[in-house]
Structures are given as C-alpha cells and as structure tokens.
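Q: Make a model of this:
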Amino acid sequence: MAKKILDALCLAVLCTILALGLWPFHSPTNEVSWLRAGNGLSYARYGTAMSSGVFEAGPNGSEGAGSVEIWLQPGNIWDSGTLLSFSTSADLYRFSLRETQTDLRVQAAIADGAKGMRRSGFDVDRLFYRAGPSFITVTSGARGTAVYRDGILARRVARWRLGGNQLTGRLVLGDSPGQGDSWQGRFFGLAVYRVELSPEQVLRHYESWTQTGKPEIGKDEDNAALYLFDEHAGNVVHNRASSKVDLLIPKTYTVLDQIFLEPVWTEFGMTRSYWGAALKNIVGFMPFGFCFCARLAWSRYQKRAALVSVVLGALASLTIEVLQSRLPTRDSGTTDLITNTLGTWIGAALFGSMTVQALLAKVPGFKDAGVWNGDRRGSNR
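A: You can find the predicted model right below:
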C-alpha cells in the first residue's frame, strides 16, 4: 500500500513539474494589433515584430555613428521588456533598448581591443517615470552617446559609443531575439539613422514627428529605417526609408533565434528576479528528490537511492530545458538545470535526515519492507 502511495506521489510530482515548466505547451497568438484611433501598434503580453531582411552598414559605418528614434507609450511603467534589438548570427545581442520599470537600459556589443567584443551598456534612470507617450532618441558618435526624451537631454555618456555596425542585422521590435522578453505598450513611430544627430536635429525631429506624424529628415541624415505605423491593417509595417526592409508581424508569437541552454555566465545577474527564479527552481524540485528517494528506498536501488534520485532530477530538468527551447514563452538555460538538480539533491537529503527517518519508522510496514537502517533483505521482495 505504501509503495502505491509513493508511486502516485512520484507521478503527481513529475506531472506537476512538467506542467509548470512547459505551460502553455504551444506558441500563443502574437498579441500585436493596430490601434483603432491614430497610427501605431499595440503590444499585449506576447507580442513581437521582426524585419523581413537584414539592415546593412552604411558607407560611413566604420566611423561608429548611429541613432535610433522611438515613439512609444508603456502599458505600465512598472513593467519590464525589450523595446527593440538588432541581432546577427555572429552576435545575437548586437544592440538593444530595454525598459526596466521606470529606467531605460542601453546595451550593445562593444569592441574591447584584443579581447574582441563584449556586452556593455548603461542605464538612464526614471526615463519613464512620467506617464504618457515618450519620444526617445539614442544617438552616438564622436561625442559619445546621448539619450533624449521629448527632445531634452536625459543623459550623456562620453566614453561609451556605438561601433559602426551596431545598428545592423535583423531588427526585432517589442521583444528580445534570443529569449522571450516581450514589452507591453504602444509604438507610434520608429526611425534609424547612420549618423549622429545633433541636439538641434533631435529637437526638430521630435517636434515635427509629434505635430505632423512623421519626422522632418534632412538629406544628410542617412535615414536607414522609417516606420510610421500608418497601415492600420495587415501584417506588414512598411519602411519608408531607402533600405526598404519592412517589419513583419507573425501570426503566432515567435522568438527570432531562441537560445538552447543559455550559459549560466550570461544569464547571471544580481537582480531580484534572477535570484527569485533560482529559489523557485530549487524549492520546486525538492519534492521530486524527496518522493523519488523515498520510492527508490523500496527498490533494488535502495543503497544508491539519493544518487539515482539526483540523476533522475537532472534528466527531468534537462528534458524540460530541451522542450523549453522549442517554446517561445519559455527560456532554456543552464541556471535552471543547476538549480533544479540542487533542489533534487536537497529533497533527497531531507529524506535521509534523522528526523524524517524517525518519523518514517512509525509508518506501518516501513521497517518491515527492508528500507530501514540499511537493511536490504526486503528490497527485492
């Protein structure tokens, strides 16, 4: 009877873990829709749009200059998500803008001498603190990198500048190219330039775009992308600039180039969300280790019940991570594999503790089953 109860518990724990790790088991509908009033796109929980082709570097790309203008309104200033990113096969996260609650994170792959490329960035605090639409300009060149909101300088970083090819590759709007990181809110306009914009140009673009619905672009501003979001229907956002690289809105939510088992050193972060997720993974697999170790104590693996339980927990976690790499709503990473295995080990160790063994000694049939104090006489009966 006790074995049947443990069998049922093990099955219930395994099914629960699989359900929590793989829900919703499919690619949901892409929740991007056209605004009914005015130009723009609305993004809900799972939303993305991506370029139909690749943005190439301009003739002045080696000079390391470029600018991005994005007109948007967050759904909630306390949410987080990737606003846009540029990605290539060689560098998945070439450039990105991310809302982190009220802050803006600017990040790119920057040349680091003989070490090659490294990811680097900076934050602009409280950029989204005021409710309502925001016209954000990020411009980089010989004077470093500057971030403007509504034509007014918010922050300048003199020693941080984009390389000549950072604003190249596939463009993803409203999500991350490697792991799902959907942003929620509204986009009203987007433009990309291959030059550094002056403060006067930034202010002129803000005023003309917010007053007329499109920017007043000079001939010397090398406009690579201009999306006015004025189609109001369909799954294509047309590029009004010379490159003609349109944005496509897929029917189902899709991550451009989803990562399989992201390395722990790239996942790691001293953030509450990272450590909170790690703790959940540990606690979530503790019942697995406890129940499977208890069941294996009634089997021919009695002497190695804890070890076999940990191996099974690692295999279950690996299975989940492999399947998660095929689900755009889930992330596949080695951090989860490590923390899940650790949780399994803790659960198995709890089963083997003296306190638990003392309690189990009172269970009818437990000692007689040959699983107490290393007695193996009944393990194969």
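Q: Now the closest residue to residue 39 other than its chain neighbours. Its backbone dihedrals?
A: Nearest residue to residue 39, sequence neighbours excluded (Cβ to Cβ, 6 or more residues apart in numbering): residue 230, at 4.3 Å. All C-beta spots, glycine's among them, are computed from the backbone N, C-alpha and C. Here is the backbone geometry of residue 230 (degrees, to the nearest 10): phi -110, psi 20.
Q: for the closest residue to residue 243 other than its chain neighbours, what are its contacts?
A: Nearest residue to residue 243, sequence neighbours excluded (Cβ to Cβ, 6+ apart): residue 224, at 5.2 Å. Residue 224 makes contact with 55, 58, 167, 192-194, 241-243, according to Cβ atoms under 8 Å, 6 or more residues apart in numbering.
Q: before we move on, what about residue 335?
A: Shown in contact with residue 335 (Cβ under 8 Å, 6+ apart): 262, 264, 267-268, 274, 277-278, 281.
Q: so which helix or strand takes in it?
A: Using DSSP states H and E, residue 335 sits in helix 334-351.
Q: so how far is that helix from its chain's centroid?
A: Computed by Cα atoms, centre = their mean, to the nearest Å, the chain-centroid distance of helix 334-351 equals 23 Å.
Q: What residues of that helix count as buried?
A: 335-349, 351 (16 or more other Cβ atoms under 10 Å).
Q: Could you do stretch 220-228 as well?
A: Buried residues in stretch 220-228, counting neighbours by 16+ other Cβ under 10 Å, are found at 221-228.
Q: Output those in a markdown table, with distance to residue 187 and secondary structure appended to each entry.
A: Putting the buried residues of stretch 220-228 into a markdown table (distance: Cβ to Cβ, whole Å; DSSP: H, G, I helix; E, B strand; the rest coil) gives the following:
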| residue | distance to residue 187 | secondary structure |
| --- | --- | --- |
| 221 | 21 | helix |
| 222 | 22 | coil |
| 223 | 18 | strand |
| 224 | 18 | strand |
| 225 | 13 | strand |
| 226 | 13 | strand |
| 227 | 8 | strand |
| 228 | 11 | coil |
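Q: Specify which member of the residues you listed is nearest to residue 287.
A: Nearest to residue 287 among the buried residues of stretch 220-228, counting by Cβ to Cβ, is residue 227 at 48.8 Å.
Q: Next, the contact list for that closest one, please.
A: Each residue near residue 227 by Cβ under 8 Å, 6+ apart is listed here: 189-191, 237-240, 247.
Q: List the ones among those that fall in strands.
A: Using DSSP state E, the members of the contacts of residue 227 that fall in strands are 189-191, 237, 247.
Q: What is the nearest of those to residue 139?
A: Of the ones in strands among the contacts of residue 227, the one sitting nearest to residue 139 (Cβ to Cβ) turns out to be residue 191, at 11.3 Å.
Q: from what I can see that closest one touches residue 68, true?
A: Yes. Residue 191 is within contact range of residue 68, at 7.4 Å (criterion: Cβ atoms under 8 Å).
Q: contacting residues around the residue nearest to residue 252 when sequence neighbours are not counted?
A: Spatial nearest neighbour of residue 252, excluding adjacent residues (Cβ to Cβ, 6+ apart): residue 27 at 4.4 Å. Shown in contact with residue 27 (Cβ under 8 Å, 6+ apart): 252-254, 327-329.
Q: Narrow these to just the buried residues.
A: Among those, those that count as buried by neighbour count (16+ other Cβ under 10 Å) are 253-254, 327-329.
Q: now those as CSV including secondary structure, distance to residue 138 and pLDDT?
A: Converted to CSV, the buried ones among the contacts of residue 27 look like this (DSSP: H, G, I helix; E, B strand; the rest coil; distance: Cβ to Cβ, whole Å; pLDDT from 0 to 100):
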residue, secondary structure, distance to residue 138, pLDDT
253, coil, 26, 95
254, coil, 26, 93
327, coil, 32, 91
328, coil, 27, 91
329, coil, 29, 89
